[in-house]
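Colleague: just the structure for this:
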Amino acid sequence: MKRNNKALLIIVAIIVFVYFILGGCGQKKTGGPPPMQEVAVMTIQPKQVAITTELAGRTSANLIAEVRPQVSGIIKKRLFTEGADVRAGQALFQIDPALYQVALDNAKAALARSEAQLSATQLRVYRFKDLLVQRAVSQQEYDDASAALKQVQADIQYGKATVEAARINLQYTTIAAPISGRIGRSSVTEGTLVTAQQPTVLATIQRMDPMYVDVTQSTADIFRLRKQLEKGQIDQNCKNQQKVRLLLDDGTEYPLKGNFQFRDVTVDQTTGSVILRIVFPNPKGILLPGMFVRAVVQEGVNKQAILIPQQAVSRDPKGNPLAFIVDAQSNVQIMMLTLDLAIGDQWLVSSGIAPGERVIVEGIQKVKPGTPVKVVPFENGGERKNALPKPVKSN
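Modeller: Numbers count the residues shown, from 1 in each chain. Sure, this is the predicted structure:
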């Protein structure tokens, strides 16, 4: 009997415990509707933005001279230091001048011989002219004397030209720098035989101040810019339009700005792009020929640009860009976007969002189209004025 009463008490205690548990759960389930999700929004306001584009390219010297010999001979001396700056007219190589000195001396001797014959031939012509009047000599003798004088005069002119050519060849044995600039390594050493107008370059001189930067721009970007200009979306009449910034290979910015010089008129058939040439001052020689750089070119100024943070842009399954906005009734709506280009951490929007609309920047993952939300302002610095409370984990 006692055992039956003890079992009955245990069953009753279990029933009471389950009742209280179920009752507590029931109270939780019968509570009010869940609170609205809070989202951080940014109100779209048009602003003036300088539209820039980054174009990759390489540097090149503005003037290049390849040093070659103009006469043949043996290199006796190299008169410069490789990698140094040289000035125009500075001696770089010395070719053995012995043979060219002999040729000049022979030319001078031949000229002196012709000049020595000139006075005797002139006197003979003058004498024959007087005798011809007196009929003491024949006309043929006078004509022969006149022809001999002209022959001597021609020999003198030829001798002078020969002397000048020999003098020039002798000067060419000293190979001088045609321009001022920085000279590279030498391809020959002392004792090397060189020939006139040989294809092998002895050395190369490059003038590197200022420096050219040649970058490529696709024709698609050119057409896009033209359309924006036709629609009045971009104004190119600004004072910094021709100024270009330069980013070096390590990401640092070159301290001096360059000037846009010209855009090539021929499209590269393999890449579909054109060459843009920009001139940068290079007084300290920081820029070297062949360096990979990126030029930041200002295309113009958009006075009514619409910018939204990149984190506010989502993609549909097809990859099309879209954004969530909050309408006047505080409901979430989807807007399909047309993006132009990225400016820093923001997208430049060409269509899809109008000024004054509220774009959801944070909390996109928690909302669905058509659902009401609670709006919290979002600051451009990445912090909301009233930060959303952190979700509390339920037990």
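Colleague: drop to CA atoms for contacts and neighbour counts, all remaining ones
Modeller: Will do.
Colleague: low-confidence stretches in the protein?
Modeller: For the chain, the stretches with pLDDT under 70 are 1-34, 130, 132, 222-242, 379-395.
Colleague: please parse it into its domains.
Modeller: Following automatic domain parsing, the chain resolves into domains at 37-49+305-377, 51-61+211-301, 69-96+173-200, 98-170.
Colleague: for the third one, measure first residue to last.
Modeller: Read that as domain 69-96+173-200. 10 Å (C-alpha to C-alpha, to the nearest Å).
Colleague: swap in the last one?
Modeller: Using C-alpha to C-alpha, one end of domain 98-170 lies 9 Å from the other.
Colleague: any idea which strand is longest in the chain?
Modeller: strand 47-67 (DSSP state E).
Colleague: neighbouring contacts of it?
Modeller: With contact meaning C-alpha atoms under 8 Å, 6 or more residues apart in numbering, strand 47-67 is reached by 177-179, 201-217, 287-306.
Colleague: what are the pairing partners of that strand, and which direction each?
Modeller: Paired strands of strand 47-67, with direction, are strand 203-218 (antiparallel), strand 292-309 (antiparallel) (DSSP bridges).
Colleague: how close does Gln333 sit to Ser351?
Modeller: On the measure of C-alpha to C-alpha, Gln333 and Ser351 end up 16 Å apart.
Colleague: repeat for Arg124
Modeller: 102 Å.
Colleague: figure out which of the strands paired with strand 47-67 is closest to Phe280.
Modeller: strand 203-218 (5.3 Å; C-alpha to C-alpha).
Colleague: which one's more surrounded, Gln333 and Ser351?
Modeller: Gln333 (18 against 13; other C-alpha atoms under 10 Å).
Colleague: what bridges to the more buried one?
Modeller: Ile325.
Colleague: what's the following helix or strand after the longest strand of the chain?
Modeller: Where DSSP states H and E defines the elements, the next helix or strand beyond strand 47-67 is strand 73-78.
Colleague: all helices for the stretch 101-250 of the chain, in order.
Modeller: All helices of the stretch 101-250 of the chain, identified by DSSP state H, counting those that start in this stretch, fall at 139-172, 219-231.
Colleague: list the buried residues in the longest one.
Modeller: When you say that, I think you mean helix 139-172. Neighbour counts over helix 139-172 (16 or more other C-alpha atoms under 10 Å) mark 142, 145-146, 148-149, 152-153, 155-156, 158-160, 162-163, 166-167, 169-172 as buried.
Colleague: with stretch 57-68 instead?
Modeller: Under 16+ other C-alpha under 10 Å, the buried positions of stretch 57-68 are 57-61, 63-65, 67-68.
Colleague: please apply the same query to stretch 185-202.
Modeller: 186, 188, 194, 202.
Colleague: first-to-last residue distance for it?
Modeller: Stretch 185-202: ends 9 Å apart by C-alpha to C-alpha.
Colleague: Glu357: which of the buried residues of stretch 57-68 is nearest?
Modeller: The nearest one, if we look at the buried residues of stretch 57-68 relative to Glu357 and count by C-alpha to C-alpha, is Gly57, at 40.1 Å.
Colleague: perfect, that will be all.
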